[in-house]
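Q: Any chance you could fold what I've pasted below:
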Amino acid sequence: MQTMTINKASMALLLCVATAAAASSGDSVLLRASKSGKELDETTKKVKSMETSKKNVYGRDLQMCSTEGMALTGFTRDGRCVEEQDDVGSHHICIDLASIASTGKNFCDVTEQPDWCEDKMACSDDSEEKCPVQNWCVCQWAFAAYIEKAGGCDAIQEINCEATNIEALIAYKKKKKGGDHNIANALKCLKERCKLDADVDYAIAR
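A: Numbering: from 1, shown residues only. Model (predicted):
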């Protein structure tokens, strides 16, 4: 059982590393050889049409994770923590990477990734300019491993709850039933940091 947990965490981190590497090299995560420019335009339109239906952990409209002066985040690179069906990493949790954790280490340091957390990428308000990575949508599975590696919920960086997708809570609740300790801790951490009460269990029941 111990080995299974480690493997899942390692896989989640590898997915985040691959995504971050593509972004920091200047290549959008969506720019795959199998997608033409027309398909990318259609994907963008589809994402835009779904924006109003996406909810945050409070059940309200999902807010932008990256804003003016920050690097543009999101799997779809629209600034929100939304996904497509092929986003196996489920980048739903918005973390303020400029905040200071109690350990003094950022998300990249703790999860032992290349330090893209200190990079500059295309700006949210001007794609021709480069801005620092600040608020960033991270994989919900890697976030669970991040808490464990950092030493608990109190040791991690700040979470932007208004910009964190409720899908993370839904996924955590489903996985928690399987007895995964890391997932249970991640769910508890989100509830604590976002000051969610018992009503959230009703809100995410599906």
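Q: any idea where the helices of this protein begin and end?
A: Assigned helices in the chain, in chain order: 2-24, 37-50, 107-110, 140-150, 166-176, 181-193, 199-203 (criterion: DSSP state H).
Q: buried stuff in stretch 157-169?
A: Within stretch 157-169, the residues that qualify as buried are 157, 159-169, counting by 16 or more other C-beta atoms under 10 Å. The C-beta positions use only the backbone N, C-alpha and C, and glycine is treated the same way.
Q: Quick one: mean pLDDT for that stretch?
A: Regarding stretch 157-169, the rounded mean pLDDT is 96.
Q: Any idea how far apart the tips of it sit?
A: Stretch 157-169 has an end-to-end distance of 18 Å (C-alpha to C-alpha, to the nearest Å).
Q: neighbouring contacts of it?
A: 54-60, 62-65, 80-83, 90, 92-97, 99-101, 106-107, 135, 137, 140, 143, 187, 190, 193-195, 200, 203-204 (C-beta atoms under 8 Å, 6 or more residues apart in numbering).
Q: Let me know the pLDDT of Phe75.
A: pLDDT recorded at Phe75 is 86.
Q: Against Asp197, how distant is it?
A: Using C-beta to C-beta, to the nearest Å, we find Phe75 at a distance of 29 Å from Asp197.
Q: Could you do Leu190 as well?
A: From Leu190 to Asp197 the distance is 13 Å (C-beta to C-beta).
Q: More neighbours: the two, which one.
A: In terms of neighbours (other C-beta atoms under 10 Å), Leu190 is the more surrounded of Leu190 and Asp197; the figures are 24 against 7.
Q: check contacts around that one.
A: Counted by C-beta under 8 Å, 6+ apart, Leu190 has contacts 57, 93, 159, 161, 164, 168-169, 172, 196.
Q: Spatially, which residue comes closest to Lys175, not counting chain neighbours?
A: Excluding the flanking residues, the one nearest Lys175 by C-beta to C-beta, 6 or more residues apart in numbering is Ile183, at 4.3 Å.
Q: and if you look at Cys108?
A: Cys117 (4.0 Å).
Q: Who are the contact partners of the one you found?
A: Residues in contact with Cys117, defined by C-beta under 8 Å, 6+ apart, are 97, 106-109, 133, 136.
Q: same thing but at 6 Å, please
A: Neighbouring residues of Cys117 by C-beta atoms under 6 Å, 6 or more residues apart in numbering: 97, 106-108, 133.
Q: Going by neighbour count, which of those residues comes out on top?
A: Ranked by the number of neighbours (other C-beta under 10 Å), those place Phe107 first, at 27 neighbours.
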